[in-house]
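Colleague: for reference, the sequence and a predicted model appear below.
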Amino acid sequence: MNNQNNGVLYETMFKGYPDVVNVPQLCEMLGGISDKTAYRLLKGGKVRSLLVGKKYLIPKPFVIDYLIGDTAESLA
């Protein structure tokens, strides 16, 4: 996916969410997954994140990257 498409996705996907989301917001963005599943994705590095103290902060582009990566891998 090229940078222009990434910019379009960032502008259009998840408009109602802040630029940096927390774990409950991530769960919503990924279709209502459980907290346990979200933490497994974060701890396993599947969804990139920042760990501030004990709190995960996930920039919205990292969520989009995860979704695009899954799509690209399943199509390959």
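Modeller: All right, it came through fine.
Colleague: excluding chain neighbours, what is closest to the residue most central in space within the chain?
Modeller: Against the mean C-alpha coordinate of the chain, by Cα atoms, centre = their mean, the closest residue is V63 at 1.5 Å. Nearest in space to V63, with sequence neighbours left out and distances taken as Cβ to Cβ, 6 or more residues apart in numbering, is M29 at 5.5 Å. Using the backbone N, CA and C atoms, a C-beta is placed for each residue, glycine as well.
Colleague: who touches that neighbour in this structure?
Modeller: F14, Y17, V21, V63 (Cβ atoms under 8 Å, 6 or more residues apart in numbering).
Colleague: ok so the last one is a helix residue?
Modeller: Translated: V63. Yes: under DSSP: H, G, I helix; E, B strand; the rest coil, V63 falls within a helix.
Colleague: list the contacts for it?
Modeller: The contact partners of V63, taken as Cβ under 8 Å, 6+ apart, are F14, V21, L26, M29, L30, V47.
Colleague: fine by me, thanks again.
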